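Asks: Structure here, sequence nowhere to be found:
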Ligand code: SAH
Ligand code: MG
């Protein structure tokens, strides 16, 4: 049976897995295609949906990704096999902060714990080539990063504060040129300067 991306979207919806929104993933895939991105590092694989979508853009693309949740990792392995992408997706089942890589990448995609974005950025951008880019997802956090209303949940309030700190951090980081897009759940694209 031919595997389909729609199947993964249905699984994600039914199991409350926060995969990228459709227009967000399409935006990133267009960038990958137009800029001939080849070597990608993703932080937060979940069930492998975005990693698989990125690989399907071009047969020369390789994705390295990491997922700390065991069940999601197993599901990702299953999906990667279904799409016969075992040779082009390297997935680790561990905490990203325990991951030591020695490759260099054209694109870093940050889509894991929203409270840790600055730490992910600092840990992994040294692996980015000059001219390479960092995509960061969920900067709108369902619209909450721009709200002036009081957020009831203390947990959500904390995450929103962290994301706003990250947005400010990107704006002030002179080593990167960052653009913010109101696409999907809010995406930033930060290009590494020479
Ligand atoms: N990129 C995926 C969705 C990722 S959802 C897609 O669009 O298809 C975010 C995932 O990051 C969750 O599954 C969560 O378990 C994982 N995660 C969060 N913090 C992490 C960390 N420190 N290390 C590894 N994985 C992490
Ligand atoms: Mg996301």
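Replies: Okay, I see it. Just so it is clear, the structure is predicted and the values come from calculations on it, not from any experiment. Ligands and ions are numbered 1, 2, ... in the order given.
Asks: Neighbours of whichever residue of the chain sits closest to ligand 2, how many?
Replies: Closest to ligand 2 within the chain is residue 137: 3.6 Å, counting by CB to the ion. For the C-beta atoms, the positions are set from N, CA and C on the backbone; glycine is no exception. Using other CB atoms under 10 Å, residue 137 has 25 neighbouring residues.
Asks: cool, and residue 30?
Replies: Neighbours of residue 30 (other CB under 10 Å): 11.
Asks: One more: the one 5 residues further on?
Replies: Neighbour count of residue 35, defined by other CB under 10 Å: 13.
Asks: Relative to residue 36, how far out is residue 8?
Replies: 25 Å (CB to CB, to the nearest Å).
Asks: what about the two, which has more around it?
Replies: residue 8 (24 against 11).
Asks: which is the next helix or strand following the strand or helix carrying that one?
Replies: Here residue 8 sits within helix 5-14, counting by DSSP states H and E. Scanning forward in sequence from helix 5-14 by DSSP H and E, the next helix or strand is helix 22-34.
Asks: now whichever helix or strand comes after that following helix, how far from the chain's geometric center?
Replies: Next in sequence after helix 22-34, counting helices and strands by DSSP H and E, comes strand 39-43. Offset of strand 39-43 from its chain centre (CA atoms, centre = their mean, to the nearest Å): 8 Å.
Asks: hmm, the helix or strand just after strand 39-43 touching ligand 2?
Replies: Going down the chain from strand 39-43, the next helix or strand is helix 49-55, by DSSP H and E. No. Figure legend: helix 49-55 not in contact with ligand 2 (CB under 5 Å from the ion); closest approach 8.0 Å.
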